[in-house]
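*Asks:* Fold the following.
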Amino acid sequence: MDLQQRWELVEIISQGRMPEGYTASELRDMGLPLPGEVERETQPDGTVLIKQVAPSKLAAAPFVCDTPDPAKPLMRGGMLNAANRGMKSERGRD
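*Replies:* Alright, predicted model coming up:
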C-alpha cells in the first residue's frame, strides 16, 4: 500500500468512520489507528491537523455501563459493584 492510500485511510478514520472493506485487525496490522484514536483539529488559517488521542484520554473514557452522572448512581452507595466489572473490590470482596 502506498503513502497516498494510507493517507486516505487516515483521513476517513480521523472523521470517526471505519474505512469500507477493512477490519479493525487489518488496520492494526498496517499500523493505522482505529476511529476514535485520532482527532481532527482545524486551525484558524484552515489547516487541518490530525492528532493521535493521548492514551490517558482514551483510558479516561467512561465505561459503557457507567452512569454519566455520579449524582444518579446505578446502585446503592453511588458505585457499581466491582464484581459487575470483573475485578476485586477495594475491600477484598467481590
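*Asks:* how many neighbours does Val53 have?
*Replies:* Val53 sits with 13 neighbouring residues when counted by other C-beta atoms under 10 Å. For the C-beta atoms, the positions are set from N, CA and C on the backbone; glycine is no exception.
*Asks:* Show me the longest helix that occurs in this protein.
*Replies:* Counting by DSSP state H, the longest helix found in the chain is helix 3-14.
*Asks:* Tell me which other helices or strands the helix or strand following it touches.
*Replies:* Using DSSP states H and E, the helix or strand that directly follows helix 3-14 along the chain is helix 24-29. Packing contacts for helix 24-29, counted by 3 or more C-beta pairs under 8 Å, 6 or more residues apart in numbering; DSSP states H and E, involve no helix or strand.
*Asks:* So for helix 24-29, what gets flagged as buried?
*Replies:* Of the residues in helix 24-29, those buried under the neighbour-count criterion (16 or more other C-beta atoms under 10 Å) are Leu27.
*Asks:* tell me the mean pLDDT over that helix?
*Replies:* The pLDDT scores in helix 24-29 average 93.
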